[in-house]
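>>> Structure here, sequence nowhere to be found:
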Ligand code: IMP
Ligand code: MG
């Protein structure tokens, strides 16, 4: 347990475990045979995971190109009626490219479904999905990630790029904010 910004954060996945898993994921991605890969990090939550995973891909012998898209999902009245919008788009042409979308958490699946449909609609040859955490119990969209770092229990997690109200992204581990006493 670490005390950060006056809140207790329980470590769920430590830095060492994250690093080892990234290397293993990179090996899986290389073994899938994807060639001429265009990695697209879905911001903001994936920024640290993507930064680490592309360096693991390099260690595994890959030379991906890297792009960034910022997506935002907002609910209307209920969670399931939420819709995704593009806050900032990629600059590259994805036509004919093998795309690897990287996101932090797969929850309802709406965000990553939107991103995949967008890239396939623009003519990508393929669009695979890598997520650090998978909350399988929360899925509403019909989507499966090709690469999953860890199954995630239904906690609200922070750190390693992920936030609650813009806080905690800088933590080098995935943690859970402890309940107030
Ligand atoms: P989906 O569209 O429901 O799959 O939403 C996934 C997105 O919700 C992730 O990319 C995160 O930005 C956010 N999210 C879901 N669960 C958490 C969490 O526990 N902590 C921080 N962000 C989360
Ligand atoms: Mg996100």
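That came through fine. Just so it is clear, the structure is predicted and the values come from calculations on it, not from any experiment. Ligands and ions are numbered 1, 2, ... in the order given.
>>> ok, residue 45 touching residue 107?
No - using Cβ atoms under 8 Å, residue 45 is not in contact with residue 107, being 10.8 Å away. To be clear about C-beta, it is placed using only N, CA and C from the backbone, and glycine gets the same treatment.
>>> and residue 16, how many neighbours?
10 (other Cβ atoms under 10 Å).
>>> tell me the SS of it?
Following DSSP: H, G, I helix; E, B strand; the rest coil, the label given to residue 16 is helix.
>>> Strands along the protein, start to end?
With DSSP state E as the criterion, the chain has strands at 2-4, 7-13, 37-43, 65-74, 83-88, 98-106, 126-134, 147-151, 157-158, 174-177.
>>> Quick one: distance of stretch 105-121 to the chain centre.
11 Å (Cα atoms, centre = their mean, to the nearest Å).
>>> For it, which residues meet the burial criterion?
For stretch 105-121, a neighbour-count test (16 or more other Cβ atoms under 10 Å) marks 105-116, 118-119 as buried.
>>> when you check ligand 1, which of the residues you listed turn up near it?
105, 106, 107, 108, 109, 110, 111 (Cβ under 6 Å from any ligand atom).
>>> Quick one: the residues you listed as a markdown table, columns for pLDDT too.
Converted to a markdown table, those look like this (pLDDT from 0 to 100):
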| residue | pLDDT |
| --- | --- |
| 105 | 96 |
| 106 | 95 |
| 107 | 93 |
| 108 | 93 |
| 109 | 95 |
| 110 | 94 |
| 111 | 94 |
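>>> Which of the strands of the chain has the lowest mean pLDDT?
Sorting those by mean pLDDT places strand 2-4 lowest, at a mean of 69.
>>> what does the chain have sitting close to ligand 1?
Contacts of the chain with ligand 1, taken as Cβ under 6 Å from any ligand atom, map to 45, 73, 103-111, 156-157, 162.
>>> if you skip the residues just before and after it, what's nearest to residue 15?
Using Cβ to Cβ, 6 or more residues apart in numbering and skipping residues adjacent in sequence, the residue nearest residue 15 is residue 172, 4.6 Å away.
>>> Equivalent analysis for residue 130, please.
residue 147 is the one closest to residue 130 (Cβ to Cβ, 6+ apart), at 4.0 Å.
>>> So what sits opposite the residue most central in space within the chain in the bridge?
The centre of the chain sits closest to residue 103, judged by Cα atoms, centre = their mean, with a distance of 1.6 Å. Beta bridges link residue 103 to residue 131 when assigned by DSSP bridges.
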